[in-house]
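In: Here is my input; please provide its structure:
(one chain, ligands or ions: 2)
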Amino acid sequence: MSERVAEGPEFTPWPPELAERYRARGYWIGRPLDHLLRERARQQPDAVALIEGERCCRYAELDRRADRLAAALAGRGLRAGDKVVLQLPNGIAFFELFFALLRLGVVPVLALPAHRERELAAFCRMTGARWLFTAERHAGFAHRELAGRLQAAGVIDRVVVAGEGGPHLALADLDAEAAPLPPVDPAGMAVLQLSGGTTAVPKLIPRSHEDYYYSVRASAELCRLSTADVYLAVLPVAHNFPLTSPGVLGTLWAGGTVVLAPDGVPDRAFDLIEAHGVTVTALVPALALAWLQARRRRALGGRLRLLQVGGAKLDPDGARALQAAFAPAVLQQVFGMAEGLINYTRLDDPPERIAACQGRPLSADDEIRIVDEQDRPVPPGATGLLLTRGPYTIRGYYRAAAHNREAFTADGFYRTGDRVRLTPEGDLVVEGRVKEQINRGGEKIAAAEVEAALRAHPQVFDAAVVAQNDPYLGERSCAFVVPREGARLDLGTLRRFMLEQGWAPYKLPDRLVLLETLPTTGVGKIDKNALRALLARGTDRTG
Ligand code: AMP
Ligand code: DBH
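Out: Ligands and ions are numbered 1, 2, ... in the order given. As a prediction, the model looks like this:
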């Protein structure tokens, strides 16, 4: 396995002949991503762009604030090409900073609010980031104190806090006269997205201005977003789905209004849908099922027209129940990845078609191949591994040359690790996965990362983590642990250990099975199929 950190190029460009095609077809328009805000601020300065609680921010205000913030950050030494870590919950501050950084050509790593010192430190180590933009508190967690610890440990130099800064800079105090900035290269990196990952060291996804911009525009067109639309963001906006599919950025491109909610708790979300005339929102299946329960006990007024569900597999029965409960809103299945490719069911597809598949590629130039283990195409309709390349799918992870040789084919197709089949109508159905990952209600967990975290415990001899089916989350994580001689281990101990070690809470195992040895395959690798079979049989000893 390839676990060396920080070797290889930051960004792998597309080959010139493909880049030329993507330009000729109008996908790449040679504009930096912040152009979408600039244009709208010029066309409709007084329209409301963002709403957070009682606060609202108009297009011109957001545009001006981003310029002033960019000037202030430049004044404090941030320069084009620098990397920073952006970790903010859903709110106006996220987008002020997001656009300010884009304008400077500073590349944010889009951390999730759930990330803790382990993840944040890894992002800094991999990118050389010295700045962290974070919240004071969010969802009961003191982010500002965590930032202080990272600073004391020398992981970062500068902290900017949205809220009371305490010993750090407060975002509100960063303000300077807007000044002209050097132009940003549209072919260069705009953001570093996070991969759900399969390796012990997380992988970062470099998205260029023009490829990201294209996926946003094409997604907004596919969903027919207009100035009349109001998008409700309940998933964390750093995530590719609510950010770009078409998400917040697609809504801003179309000149609509975005309502930023701290979470997706059904009653609060339903109130927002009614109060703001929300037309579009995006959920993961687990949250969609919670909304379904809520919908059965309360009415929902308003003008919701599009309910997107993605990030993990939505089963056909769940899809049909959502269609019935939220009619006349149209259900849309979205099967996407931060690496690029996004599949959507179309708004006009018959309801049964929408319920039965995960959509089809966004772009006419998304190339897909469904292959067997030897990369040979499977017969039509058969299940195989999904490979893809196209105008908004990366050609390489950030500084991960060795891993890239495994994750991409020689001709540049990304190995998604998803098992899919193609229906006669040309839709994709997700049938499973070969990558060693747990998809916990849409939150992806790399098994290798958790295994390494567990092996660090002094009483753990060895560990293997697999997914177990869960009626609510889709999957949950189950850790098989071989304790050292005489050790006494239980789930609570290991969960506390991982928290103390600074891991994001969603990565803690949901279940523990203690074994005397881990089963191995003929070549001596841990046999995860045997572990999954053990779970299926239910003959284990659980802690
Ligand atoms: P990431 O690479 O972390 O952005 O996660 C993308 C992965 O999430 C995909 O490769 C799929 O494994 C999974 N995924 C996303 N959307 C869906 C969906 N609608 N149905 C099934 N799996 C999905
Ligand atoms: O799961 C994902 O990563 C995802 C799902 C839907 C995604 O990145 C997207 C849409 O853009």
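In: Pull the contacting residues for the residue in the chain that ligand 1 sits nearest to.
Out: Ligand 1 sits closest to Gly196 of the chain, with a gap of 2.7 Å, by CB to the nearest ligand atom. The way it works is simple: take the backbone N, C-alpha and C, and place the C-beta from them, glycine included. Neighbour list for Gly196: Ala338, Gln437, Asn439, Lys444, Ile445, Ala446 [criterion: CB atoms under 8 Å, 6 or more residues apart in numbering].
In: just checking, which of those belong to helices?
Out: Nothing among those maps onto helices, per DSSP state H.
In: Among these, give me the pair with the biggest separation.
Out: Using CB to CB, the contacts of Gly196 span at most 14.6 Å, a distance reached by Ala338 and Ile445.
In: The closest residue to Ala355 other than its chain neighbours: how many residues sit nearby?
Out: Computed as CB to CB, 6 or more residues apart in numbering, the closest residue to Ala355 that is not its neighbour in sequence is Ala319, at 3.8 Å. Ala319: 22 surrounding residues under other CB atoms under 10 Å.
In: what's the strand or helix carrying Ala319 packed up against?
Out: Here Ala319, judged by DSSP states H and E, is contained in helix 316-326. In terms of contacts (3 or more CB pairs under 8 Å, 6 or more residues apart in numbering; DSSP states H and E), helix 316-326 is packed against helix 285-297, strand 306-310, strand 330-337, helix 351-356.
In: do it and ligand 1 meet?
Out: No: judged by CB under 6 Å from any ligand atom, helix 316-326 makes no contact with ligand 1; its nearest approach is 10.5 Å.
In: For that helix, which outside residues touch it?
Out: Helix 316-326 is contacted by residues 285, 288-289, 291-292, 295-296, 300, 304, 307, 309, 314, 331, 333, 351, 354-356 when judged by CB under 8 Å, 6+ apart.
In: try 6 Å
Out: For helix 316-326, the external contacting residues (CB atoms under 6 Å, 6 or more residues apart in numbering) are Ala288, Leu292, Arg295, Leu307, Leu331, Pro351, Ala355, Ala356.
In: just stretch 49-69 next, same as before
Out: With contact meaning CB under 6 Å, 6+ apart, stretch 49-69 is reached by 37, 40-41, 44-48, 91-92, 96, 99-100, 174-176, 178, 258-260.
In: and with 7 Å instead?
Out: Applying CB atoms under 7 Å, 6 or more residues apart in numbering, the contact partners of stretch 49-69 are 37-38, 40-41, 44-48, 91-92, 95-97, 99-100, 103, 174-176, 178, 252, 257-260, 276.
In: With just CA atoms, put it into PDB.
Out: The C-alpha coordinates for stretch 49-69 follow below in PDB (Å, rounded to 0.1, in the frame of the first residue of the first chain):
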ATOM      1  CA  ALA A  49     -27.800  35.900  -1.700                       C
ATOM      2  CA  LEU A  50     -27.500  34.300   1.800                       C
ATOM      3  CA  ILE A  51     -29.800  33.900   4.800                       C
ATOM      4  CA  GLU A  52     -28.500  32.700   8.200                       C
ATOM      5  CA  GLY A  53     -31.000  32.900  11.000                       C
ATOM      6  CA  GLU A  54     -32.100  36.600  11.200                       C
ATOM      7  CA  ARG A  55     -29.200  37.800   9.100                       C
ATOM      8  CA  CYS A  56     -29.300  38.200   5.400                       C
ATOM      9  CA  CYS A  57     -26.600  39.200   3.000                       C
ATOM     10  CA  ARG A  58     -27.300  40.700  -0.500                       C
ATOM     11  CA  TYR A  59     -25.200  39.900  -3.600                       C
ATOM     12  CA  ALA A  60     -23.400  43.300  -3.600                       C
ATOM     13  CA  GLU A  61     -22.700  43.000   0.100                       C
ATOM     14  CA  LEU A  62     -21.200  39.600  -0.200                       C
ATOM     15  CA  ASP A  63     -19.100  40.700  -3.200                       C
ATOM     16  CA  ARG A  64     -17.800  43.800  -1.400                       C
ATOM     17  CA  ARG A  65     -17.100  41.900   1.800                       C
ATOM     18  CA  ALA A  66     -15.100  39.300  -0.100                       C
ATOM     19  CA  ASP A  67     -13.000  42.000  -1.700                       C
ATOM     20  CA  ARG A  68     -12.300  43.800   1.600                       C
ATOM     21  CA  LEU A  69     -11.500  40.500   3.400                       C
END
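In: Many thanks, have a good one.
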